[in-house]
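Undergrad: Here is a sequence with its predicted model. Questions after.
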Amino acid sequence: MSVPLIPPSRSSSPASADSPTAPNASPPRSDAATSPATDVPGLKLSYEDQILTLPTDQPFDIGREADLSLDNNPFLHRQFLRIVYEYGFWWLVNIGTVLSATVSDSRTGTQAWLGPGARLPVSFGDQLVIFTAGPCVYELRLMLERPLWQENVVFPPIHGDTTLGALALTEAQRLVVVALAEPMLRRETTGLIHLPTNAEAAQRIGWGVKRFNRKVDNVCDKLDRFGVDGLRGGVQSHATGRRARLVEWACSTGLVSSADLVMLDRAKAAQLADGSPEPDED
């Protein structure tokens with residue numbers, strides 16, 4: 001499998017994407033970088049019921065007030081992600097200053113975290129872009145006509161008791177992830193997804209909120225030690241942002257899947273039948 005040569009990014013310190021004078025995260029454009037190419041692989045974007053063919057001669061922005069305007073969520077940048085064709089490649093660029101996006105290819109298991117000011121070549125034929133803003137999760141799909149990476153092996157989805165590398169979750173830890181990720185696991189198309197609060201997810205499986213919160217802490221600590229970005233301790237990380245990042249990573253890597261949804265009703269039924277809380281320790 002050959003690795004495409006990617007030119008280095010030339011960037012400066014990121015500025016707010018909401019500012020009218022904010023520089024973008026792309027390198028300075030030249031005529032060679034922006035002139036229409038004659039043999040460009042087509043790139044399409046799917047969001048909810050829209051399928052858009054992206055232009056090659058100008059950037060395409062995604063955000064609250066952009067070429068693709070998602071909604072009026074005040075937690076979302078006016079312009080957050082930019083898709084641009086430069087130097088013979090399609091690029092996904094984070095032009096925001098706060099939010100990050102998870103980019104994944106379910107066929108190969110590849111997953112990357114796109115932080116503020118970062119850029120990533122669109123390499124795979126079908127990849128998901130997932131990001132959160134406040135309590136909302138957004139998912140869109142990028143479909144490249146001629147992918148840069150080709151894989152002959154199809155990897156089966158990871159679920160149940162499968163170990164992901166050196167990572168293994170207990171049944172209780174997996175259960176809390178599935179409870180938080182339920183709306184994403186039940187989705188039928190791309191678009192806006194509302195995640196449950198910890199209290200709502202705890203009620204879904206018949207647990208108390210304190211126990212559920214402790215178990216979420218356990219999972220995040222374990223994934224942080226495993227090397228997953230965005231789950232470290234801190235005031236914000238224990239609220240919506242960390243919960244959303246946990247769901248992003250678990251769904252994009254296949255750590256949990258729709259096959260795990262049966263755990264939810266099973267756990268709720270067990271709690272109703274037992275009438276006593278299960279132990280909190282792993």
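TA: Arrived safely, thanks for sending.

Undergrad: Going by C-alpha atoms from here, please, whenever you check contacts or count neighbours.
TA: Noted.

Undergrad: residue boundaries of the helices in the stretch 51-200 of the chain?
TA: 171-185, 198-205 (DSSP state H, counting those that start in this stretch).

Undergrad: which one of these has the most crowded surroundings?
TA: helix 171-185 (a mean of 22; mean count of other C-alpha atoms under 10 Å).

Undergrad: do you know which of the helices of the stretch 51-200 of the chain lies nearest Asp221?
TA: When the helices of the stretch 51-200 of the chain are compared by C-alpha to C-alpha, helix 171-185 sits nearest Asp221, at 11.4 Å.

Undergrad: Tell me how far the closest one lies from the chain's centre.
TA: How far helix 171-185 lies from its chain's middle: 16 Å, per C-alpha atoms, centre = their mean, to the nearest Å.

Undergrad: and that helix with helix 198-205, angle?
TA: Angle of helix 171-185 versus helix 198-205, following axes from the mean of the first three to the mean of the last three C-alpha atoms, to 10 degrees, is 110 degrees.

Undergrad: Could you list the low-confidence segments of the protein?
TA: In the predicted model, the chain carries pLDDT under 70 at residues 1-38, 106, 149-166, 233-240, 274-282.

Undergrad: Got the domain ranges for the chain?
TA: Per automatic domain parsing, the domain ranges recorded for the chain read 31-144, 171-274.

Undergrad: now the helices of the stretch 51-200 of the chain in CSV, with distance to Gln79?
TA: Formatted as CSV, the helices of the stretch 51-200 of the chain follow (distance: least, C-alpha to C-alpha, whole Å):
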stretch, distance to Gln79
helix 171-185, 24
helix 198-205, 29
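
Undergrad: Can you say which of those helices is nearest to Ser257?
TA: helix 171-185 (6.1 Å).

Undergrad: elements contacting that closest one?
TA: Packing partners of helix 171-185 (3 or more C-alpha pairs under 8 Å, 6 or more residues apart in numbering; DSSP states H and E): strand 191-194, helix 198-205, helix 209-226, helix 240-253, helix 262-274.

Undergrad: Which of those sits closest to Trp90?
TA: Between those, helix 240-253 lies closest to Trp90; by C-alpha to C-alpha that is 21.1 Å.

Undergrad: okay, the angle between the closest one and helix 209-226?
TA: Using the same axes, to 10 degrees: helix 240-253 against helix 209-226 is 60 degrees.

Undergrad: Need the CA coordinates for helix 240-253. PDB is fine.
TA: Extracted in PDB, the C-alpha atoms of helix 240-253 (Å, rounded to 0.1, in the frame of the first residue of the first chain):
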ATOM      1  CA  THR A 240     -20.900  17.500  28.200                       C
ATOM      2  CA  GLY A 241     -17.700  17.700  26.300                       C
ATOM      3  CA  ARG A 242     -16.100  14.600  27.800                       C
ATOM      4  CA  ARG A 243     -19.300  12.600  27.500                       C
ATOM      5  CA  ALA A 244     -19.600  13.500  23.900                       C
ATOM      6  CA  ARG A 245     -16.000  12.700  23.100                       C
ATOM      7  CA  LEU A 246     -16.400   9.300  24.700                       C
ATOM      8  CA  VAL A 247     -19.400   8.600  22.500                       C
ATOM      9  CA  GLU A 248     -17.500   9.900  19.400                       C
ATOM     10  CA  TRP A 249     -14.600   7.700  20.000                       C
ATOM     11  CA  ALA A 250     -16.500   4.600  20.900                       C
ATOM     12  CA  CYS A 251     -18.800   4.700  17.900                       C
ATOM     13  CA  SER A 252     -16.100   5.800  15.300                       C
ATOM     14  CA  THR A 253     -13.800   2.900  16.300                       C
END
